[in-house]
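Engineer: Have a look; sequence and predicted model below, questions after that.
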Amino acid sequence: MTSINAALCSFGMSGHLFHAPFIDVNPKLNLYGVLERTKNVAEKKYPNIKTFRSLDDLLNDDAIDLVIINTPNLTHFDFTKKVIEAGKHVVVEKPFTVTTAQAEELIALAKSKNVKLSVYHNRRWDSDFKTVQKILNEGVLGDIVEAEFHYDRFEPELSYKTHKEKPTEGVGSLYDLGSHLIDQALHLFGMPKSVFATLNSFRNNSKVADYFDVKLYYKSHYVTLKSSYFVLEPLAAYSIHGKNGSFIKSKADIQETTLQKEIKPDSKNWGIEPESQKGILHSIKNGESKKELVSTEKGDYMEYYNLIAEAILNDKKLPVSANEAKNVIKIIEAALLSNQEKRVVDLS
């Protein structure tokens, strides 16, 4: 195999913006097909693709090597299980599953079928997060004492996507936006010892959580993850404080807005933030205080698909393992339990 035939399970926003453009321009991948039950939207944009009307039809096509599960959260487990049983490699949108038990079942099944299973935690390749990661890796802040991550919006109205507003399993901002923040925190700091969380609904007639405040307790520091749909004036997306200084960074990755303009991800200056969005590093070195602006790293979701291709073609390490994604669900379950019982939940 020199090129991987990939198929999407839907062509809504995520398929249109976050998957198809990257697969289309990647030389090791081929956008082979899309599942659309009644429409032919994808064909209009990608005339050479094949349209499938059912998941069974898609899975019966032996030419397909990789399937992207980008359907509503509640379908992730069933769809992924069917794809693995068909012997095809899988990329699942976040959140991986609704429960840890489901994640463990899929991991075991993928191992038995010898297929690659990864979760699309693309926000690891945001420009702002990559900059935070670089600062931490350099150790300029010293031992970390506290970190706070925000993923805020101002969206007072209910979503037009009705499946996101039904009070069913896997729905709400903790699964939606929280998955990103939790994955980033775990990627930087590993699993915490315990979790405390508050969830609430502030939009009129909202039946699902649109606010969360999750505390992750580590042995030597704390991490706070927050999101609200009522933040009109943006707060810092990342505030990290150590014994030698602080780093503050805005949420300014431009990839999503660039994709909305139909600009291809292989274009010039892809993922480069405006100079005005540099991070602020205030640190102590040799007893002296220094405050400086830090240039932002280049954001690039293509890195995820480059690594997926390498994993399938050359058995290299997956960009996001299913076990890593399972831990995100474990934190979500602990946060839900903490909110319900109003207590700190021990993960040990």
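Structural biologist: Everything's here; your move. Residues are numbered from 1 along each chain as shown.
Engineer: per-residue confidence at the most centrally placed residue in the chain?
Structural biologist: In the chain, the residue lying closest to the centroid (C-alpha atoms, centre = their mean) is residue 121, at 2.9 Å. The model reports residue 121 with a pLDDT of 98.
Engineer: How about residue 1?
Structural biologist: At residue 1, the pLDDT value in this model is 69.
Engineer: Backbone dihedrals for the nearest residue to residue 260 once chain neighbours are set aside, please?
Structural biologist: With C-beta to C-beta, 6 or more residues apart in numbering as the criterion, residue 260 has its nearest non-adjacent residue at 6.7 Å, and that residue is residue 17. All C-beta atoms are positioned from the backbone trio N, CA, C, and that covers glycine. Here is the backbone geometry of residue 17 (degrees, to the nearest 10): phi -100, psi -50.
Engineer: What is the neighbour count of residue 17?
Structural biologist: 17 (other C-beta atoms under 10 Å).
Engineer: Let me see the contact set for it.
Structural biologist: Shown in contact with residue 17 (C-beta atoms under 8 Å, 6 or more residues apart in numbering): 256, 259-260.
Engineer: What of residue 234?
Structural biologist: Contacts for residue 234 (C-beta under 8 Å, 6+ apart) come out as 152, 250-251.
Engineer: From those, pick the one nearest residue 93.
Structural biologist: If you rank the contacts of residue 234 by distance to residue 93 using C-beta to C-beta, residue 251 comes first, at 20.3 Å.
Engineer: Surely the closest one touches residue 128?
Structural biologist: Yes - at 5.6 Å, residue 251 and residue 128 qualify as touching, with contact defined as C-beta atoms under 8 Å.
Engineer: neighbours around residue 225, how many?
Structural biologist: Residue 225: 26 surrounding residues under other C-beta under 10 Å.
Engineer: now swap in residue 233 and tell me
Structural biologist: Neighbours of residue 233 (other C-beta under 10 Å): 6.
Engineer: hang on, it is in a strand, isn't it?
Structural biologist: No - per DSSP: H, G, I helix; E, B strand; the rest coil, residue 233 lies outside any strand segment and is coil.
Engineer: and it, how far is that from residue 152?
Structural biologist: 9 Å (C-beta to C-beta, to the nearest Å).
Engineer: How about residue 179?
Structural biologist: 15 Å.
Engineer: between the two, who's got more neighbours?
Structural biologist: Between residue 179 and residue 152, counting by other C-beta under 10 Å, residue 179 is the more crowded of the two (25 against 19).
Engineer: secondary structure class for the more buried one?
Structural biologist: Classification of residue 179 using three-state DSSP returns helix.
Engineer: Quick check: neighbours shared by residue 251 and residue 128?
Structural biologist: Between them, residue 251 and residue 128 share the contacting residues 237-238, judged by C-beta under 8 Å, 6+ apart.
Engineer: So between these two, which is more surrounded?
Structural biologist: residue 128 (23 against 18).
Engineer: Please give me every residue in contact with the more buried one.
Structural biologist: Neighbours of residue 128 in contact, by C-beta under 8 Å, 6+ apart: 237-238, 249-253, 273, 277, 279, 296, 299.
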